[in-house]
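> here's my sequence, what's the structure:
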Amino acid sequence: MIAYIANVIQRKSFSKLGEGVTFKIRCLLYSKILQKNMGWFDERDNSTGILTSVMASDAQNVNAAASQSLGPMVEGFFSMVGGIAIGCVLSWQIALICLGLIMIFIFSMAAAQIAIKK
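Next up, the predicted model:
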């Protein structure tokens, strides 16, 4: 029951965070568009339809990154820290082994990301 309540709070808070970031980006983008010279709008790539389409899609991408991607990363981090804390309380020897394994996992994932980028 506690996990359900925490999950609901997490989803609501990151959704609110994503909405705030999206609103801020839209306001900044709109203010920059309003500062453009009149001749800038005459170009085919800067027509009204294209500008509003780009503004909507870019803001949605940022919202998805802020609300859907950030939540699981924060949850995973705090789960790891909580697990290490519980492990230290119950058996510090096993907690040290787990810390060593976590470092191996982190380095292997970093190496995999570097290999993927090449």
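> who touches stretch 43-60?
22, 25-26, 29-30, 33, 36, 40-41 (CB atoms under 8 Å, 6 or more residues apart in numbering). From N, CA and C alone the C-beta is placed, and that goes for glycine too.
> reformat these as CSV; add distance to residue 65.
Listed next are those as CSV, based on distance: CB to CB, whole Å:
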residue, distance to residue 65
22, 10
25, 11
26, 15
29, 16
30, 20
33, 22
36, 26
40, 28
41, 29
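> quick one: distance of the longest helix anywhere in the chain to the chain centre.
Longest helix of the chain, by residue count under DSSP state H: helix 2-34. Here helix 2-34 shows a centroid-to-chain-centroid distance of 11 Å under the convention CA atoms, centre = their mean, to the nearest Å.
> what residues of the helix or strand of the chain with the lowest mean pLDDT count as buried?
Across the helices and strands of the chain, mean confidence by mean pLDDT, DSSP states H and E is lowest for helix 48-64: a mean of 79. Going by neighbour count (16 or more other CB atoms under 10 Å), the buried part of helix 48-64 is 51, 59, 62-63.
> same question, stretch 74-92
For stretch 74-92, a neighbour-count test (16+ other CB under 10 Å) marks residue 87 as buried.
> show me the shaky parts of this protein.
Flagging of the chain using pLDDT under 70 yields the residue ranges 67.
> what residue is smack in the middle of it?
Among the residues of the chain, the one closest to the centroid is residue 70, at 3.2 Å (CA atoms, centre = their mean).
> apart from its neighbours in sequence, what residue is nearest that residue?
Distances taken as CB to CB, 6 or more residues apart in numbering put residue 14 closest to residue 70, at 6.0 Å, once the chain neighbours are dropped.
> circling back: quick one, the least confident helix or strand of the chain and helix 2-34 angle?
150 degrees (axes from the mean of the first three to the mean of the last three CA atoms, to 10 degrees).
> dump the contacts of stretch 43-60 to CSV, plus neighbour count and distance to residue 93.
As requested, the contacts of stretch 43-60 are exported to CSV (neighbours: other CB atoms under 10 Å; distance: CB to CB, whole Å):
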residue, neighbour count, distance to residue 93
22, 20, 47
25, 17, 49
26, 16, 53
29, 15, 54
30, 13, 58
33, 14, 61
36, 11, 64
40, 11, 66
41, 12, 68
